[in-house]
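**Student:** missing the sequence, but the structure's below:
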């Protein structure tokens, strides 16, 4: 039997239902990996995380939100603020967050985790290249925000994004806080805020 892994008592393993199909005995699966599973990430997932992140971001902007060392750092310090989507044991999408203690995000927030704070800084949401345009980004974000609601003391989530991603996060229930003080190379960002005490957004599929 496959052991379910969870970095927090508030995150229960979740399995998506898949259509039932009839197969011949020789075609039946010989393993017990779940078809689809959500769980907290661990440092052992760091390589898979970085490979997906690097492919997604470097080809577009030339920069990764997190280096491999930073991924390892956050998954070591605050794995409970991460969430991975696995299909048959393979990582297909993920979110990494950390704690922050200021009203707005600053350059220091990009590499620091402040424990015991009411704010989560979402560093990165990324989907494997073979799984894009299937709504997985919005589904994962929806589940992550609902999961954060279950962690005592958390009140809001902050992130920065480029202008073309603002509609995606608005649809997810985030509000604009204005231009961010953070810049990477020549890129400028908008800061977005999600209040965890509000209504969850119901539409999971944004086409991301």
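**Tutor:** On my side now, so go ahead. Fair warning: this is a prediction, and the values are worked out from it, not measured in the lab.
**Student:** Can you work out which other helices and strands pack against the longest helix seen in the chain?
**Tutor:** Assignment by DSSP state H gives helix 46-61 as the longest helix of the chain. Under the contact criterion of 3 or more Cβ pairs under 8 Å, 6 or more residues apart in numbering; DSSP states H and E, the helices and strands touching helix 46-61 comprise helix 68-77, strand 90-100, strand 119-127. The way it works is simple: take the backbone N, C-alpha and C, and place the C-beta from them, glycine included.
**Student:** With mean pLDDT, mean neighbour count and distance to residue 175 added, can I get these in CSV?
**Tutor:** Converted to CSV, these look like this (pLDDT from 0 to 100; neighbours: other Cβ atoms under 10 Å; distance: least, Cβ to Cβ, whole Å):
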stretch, mean pLDDT, mean neighbour count, distance to residue 175
helix 68-77, 97, 18, 25
strand 90-100, 97, 22, 17
strand 119-127, 97, 24, 14
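**Student:** circling back to that earlier point, for the longest helix of the chain, buried residues please.
**Tutor:** By neighbour count with 16 or more other Cβ atoms under 10 Å, helix 46-61 contains the buried residues 46, 48, 49, 50, 52, 53, 56, 57.
**Student:** Check residue 196 and give its pLDDT.
**Tutor:** Predicted confidence (pLDDT) at residue 196: the value is 96.
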